[in-house]
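*Asks:* Curious how this folds, go ahead:
(chains A and B)
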Amino acid sequence: KQEVTQIPAALSVPEGENLVLNCSFTDSAIYNLQWFRQDPGKGLTSLLLIQSSQREQTSGRLNASLDKSSGRSTLYIAASQPGDSATYLCAVITTGTASKLTFGTGTRLQVTL
Amino acid sequence: GAVVSQHPSWVICKSGTSVKIECRSLDFQATTMFWYRQFPKQSLMLMATSNEGSKATYEQGVEKDKFLINHASLTLSTLTVTSAHPEDSSFYICSARGTTSTDTQYFGPGTRLTVL
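*Replies:* Presented below is the predicted three-dimensional model:
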């Protein structure tokens, strides 16, 4: 059974810092991996989607990398801003699971002024 | 981008009553919709997968008689929590996948259910 873990569980950084969020998964037979953002009490916003054949994806200040063989992904946020404060979730679709997303435990990010 | 709505956004009900939550894809046809539950400070857990016109597939440990799912059209799925109890209080989120995409799920804004 696929298990997705995110480290750290919570992170507080001052504005302007670059930061890295980590995601690991136990079954490397994935179809793709996604990073989401969730604001308190809200739904999910998709940030980046990496197909299993890709190594990374970039969108603005966000860069996500994928090392499928080692079961790891990182989300790099450059020049963090208070508006980046949210919970970040990674999720994978494991091959042969009919496109079901398995979510990680999340990293709660606080960017302070 | 594709938009998914949920109604209501929050609901408070008495123990023993039933609550229906709607999930709509507003600008695309969704052959498959997913229902998730999220407890405070925890991640999303898939409850069931529903395909338009057929019975939902429930994840292990989810009671199908308690959480009734109907996906009667390509734009609407409903989740009914029957005889709700305080332990059913949670954040329920749906997602929808279009007919032409096998990769992308679009998520609704969620429904906060509080059972007194």
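*Asks:* So what touches stretch A:96-103?
*Replies:* With contact meaning C-beta atoms under 8 Å, 6 or more residues apart in numbering or on different chains, stretch A:96-103 is reached by A:2-4, A:25, A:29, A:31, A:34, A:89-94, B:32, B:34, B:43-46, B:49, B:95, B:97, B:102-103, B:105. In this view, the C-beta of every residue, glycine as well, is placed from N, C-alpha and C.
*Asks:* Can you pull the residues of chain B lying near chain A?
*Replies:* Within chain B, the positions near chain A by C-beta under 8 Å from any C-beta of the partner chain are B:6, B:32, B:34, B:42-46, B:49, B:91, B:93, B:95, B:97, B:102-110, B:112.
*Asks:* Among those residues, name the ones in strands.
*Replies:* Using DSSP state E, the members of the residues of chain B next to chain A that fall in strands are B:6, B:32, B:34, B:44-46, B:49, B:91, B:93, B:95, B:97, B:106-107, B:112.
*Asks:* Which among these count as buried?
*Replies:* Buried by 16 or more other C-beta atoms under 10 Å in any protein chain shown: B:6, B:32, B:34, B:44-46, B:49, B:91, B:93, B:95, B:97, B:106-107, out of those.
*Asks:* Make JSON lines from the residues you listed and add pLDDT to it.
*Replies:* Converted to JSON lines, these look like this (pLDDT from 0 to 100):
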{"residue": "B:Gln6", "pLDDT": "97"}
{"residue": "B:Thr32", "pLDDT": "90"}
{"residue": "B:Phe34", "pLDDT": "94"}
{"residue": "B:Leu44", "pLDDT": "92"}
{"residue": "B:Met45", "pLDDT": "94"}
{"residue": "B:Leu46", "pLDDT": "94"}
{"residue": "B:Thr49", "pLDDT": "93"}
{"residue": "B:Phe91", "pLDDT": "96"}
{"residue": "B:Ile93", "pLDDT": "96"}
{"residue": "B:Ser95", "pLDDT": "94"}
{"residue": "B:Arg97", "pLDDT": "88"}
{"residue": "B:Tyr106", "pLDDT": "89"}
{"residue": "B:Phe107", "pLDDT": "92"}
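*Asks:* just so I have it, where are all the strands in chain A?
*Replies:* Secondary structure of chain A by DSSP E: the strands cover A:4-7, A:10-14, A:19-25, A:30-38, A:44-51, A:56-59, A:62-67, A:72-77, A:86-94, A:101-103, A:107-112.
*Asks:* Of those, which stretch is the most buried?
*Replies:* A comparison of those by mean neighbour count, using mean count of other C-beta atoms under 10 Å in any protein chain shown, puts strand A:86-94 on top with a mean of 24.
*Asks:* partners of that strand in the sheet?
*Replies:* As defined by DSSP bridges, the strand partners of strand A:86-94 come to strand A:30-38 (antiparallel), strand A:101-103 (antiparallel), strand A:107-112 (antiparallel).
*Asks:* Adding mean pLDDT and distance to B:Thr57 as columns, could you present those strands in a markdown table?
*Replies:* A markdown table is the format used below for those (pLDDT from 0 to 100; distance: least, C-beta to C-beta, whole Å):
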| stretch | mean pLDDT | distance to B:Thr57 |
| --- | --- | --- |
| strand A:30-38 | 94 | 18 |
| strand A:101-103 | 93 | 14 |
| strand A:107-112 | 97 | 30 |
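*Asks:* As a markdown table, those with distance to B:Ser25 would be great.
*Replies:* Output for those, formatted as a markdown table (distance: least, C-beta to C-beta, whole Å):
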| stretch | distance to B:Ser25 |
| --- | --- |
| strand A:30-38 | 18 |
| strand A:101-103 | 17 |
| strand A:107-112 | 29 |
